[in-house]
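> this one's structure only:
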């Protein structure tokens, strides 16, 4: 059996999808969720094979819920559903680890087909949105490569300092953790800002986090 999680704020929509899915012999709905917190908790508890997640969930939106779910239950595929075609939501969903994106306007039979396709390893994207998505992914990769090029300028010690800044450390904590003086920590931070071509530590953190440069890459 294929275990399915349905996450949508509207109980009527969840019930309609559940009814459609459970007419299929190989599909069963193991949990429903009305918001992002419930979706994550249900995924933790039931480890579904696939989650159907609305982009506009309350408390934790569908994109954030997808990212967390994929981290906690990596074996669970995610098919994101949206009220309308939204190129930004599509890109963010793919970046968060979703395997597909569809609008709720599709027939339920198409949703069932897409569910099985995602579980076969296919990526489901509306054809009319695919071109723009590919362009966005290429641009994102180019931006990330530029950030990595700037990071390559940093010394190993400066990378350690940057990793601590990503964790939220201030000058004193950086100095304490690395057993250096606050003045030395301040010098390292100024060198980091210069090499990354940014004007503040906030801008440096935004550069790293916006481009999904994780701590392990900083310390590589």
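That came through fine. These figures come from a predicted structure and were not determined experimentally.
> C-alpha only now, for contacts and for neighbours.
Will do.
> The lengthiest helix in the chain packs against which elements?
Secondary structure of the chain per DSSP state H: the longest helix is helix 127-151. Identification of packing neighbours for helix 127-151 by 3 or more CA pairs under 8 Å, 6 or more residues apart in numbering; DSSP states H and E yields helix 87-96, helix 182-196.
> buried ones in the strand or helix carrying residue 12?
In the assignment (DSSP states H and E), residue 12 maps to helix 11-21. When neighbours are counted by 16 or more other CA atoms under 10 Å, the buried residues of helix 11-21 are found to be 14, 17-18, 21.
> is it true that residue 42 touches residue 33?
Yes: because the distance of 7.3 Å satisfies CA atoms under 8 Å, residue 42 is recorded as touching residue 33.
> what residues do the two have in common as contacts?
Common contact partners of residue 42 and residue 33 (CA atoms under 8 Å, 6 or more residues apart in numbering): residue 5.
> so how far is residue 182 from the residue sitting nearest the centre point of the chain?
Centrality entry for the chain: nearest residue to the mean C-alpha point is residue 96, 2.2 Å, by CA atoms, centre = their mean. The spacing between residue 96 and residue 182, counted by CA to CA, to the nearest Å, is 37 Å.
> got the domain boundaries for this protein?
2-125, 133-218 (automatic domain parsing).
> most neighbours per residue, which of those domains?
Across those, averaging neighbours per residue (mean count of other CA atoms under 10 Å) puts domain 2-125 on top, at a mean of 19.
> end to end, how far does it reach?
21 Å.
> Listing request: residues of this structure with sub-threshold pLDDT.
133, 136-138, 140, 211-220 (pLDDT under 70).
> ok, 80 please
For the chain, the stretches flagged by pLDDT under 80 are 126-146, 209-220.
> what would the helices and strands packed on helix 127-151 look like in JSON lines with distance to residue 52?
Shown next, in JSON lines, are the helices and strands packed on helix 127-151 (distance: least, CA to CA, whole Å):
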{"stretch": "helix 87-96", "distance to residue 52": "12"}
{"stretch": "helix 182-196", "distance to residue 52": "39"}
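> Check the gap between the residue lying closest to the residue nearest to the centre of the chain once chain neighbours are set aside and residue 160 for me.
Excluding the flanking residues, the one nearest residue 96 by CA to CA, 6 or more residues apart in numbering is residue 67, at 4.6 Å. The gap separating residue 67 from residue 160 is 26 Å, by CA to CA.
> Likewise for residue 82?
Taken as CA to CA, the span from residue 82 to residue 160 is 40 Å.
> Residue 119 too?
On the measure of CA to CA, residue 119 and residue 160 end up 40 Å apart.
> what's the answer for residue 60, then?
Counting by CA to CA, the gap from residue 60 to residue 160 is 32 Å.
> do the same with residue 50
For residue 50 relative to residue 160 (CA to CA), the value is 38 Å.
> what does residue 121 give?
Applying CA to CA to residue 121 and residue 160 gives a distance of 38 Å.
> And residue 46, by the same measure?
38 Å.
> Could you do residue 105 as well?
49 Å.
> Same check on residue 12?
Residue 12 is 51 Å from residue 160, by CA to CA.
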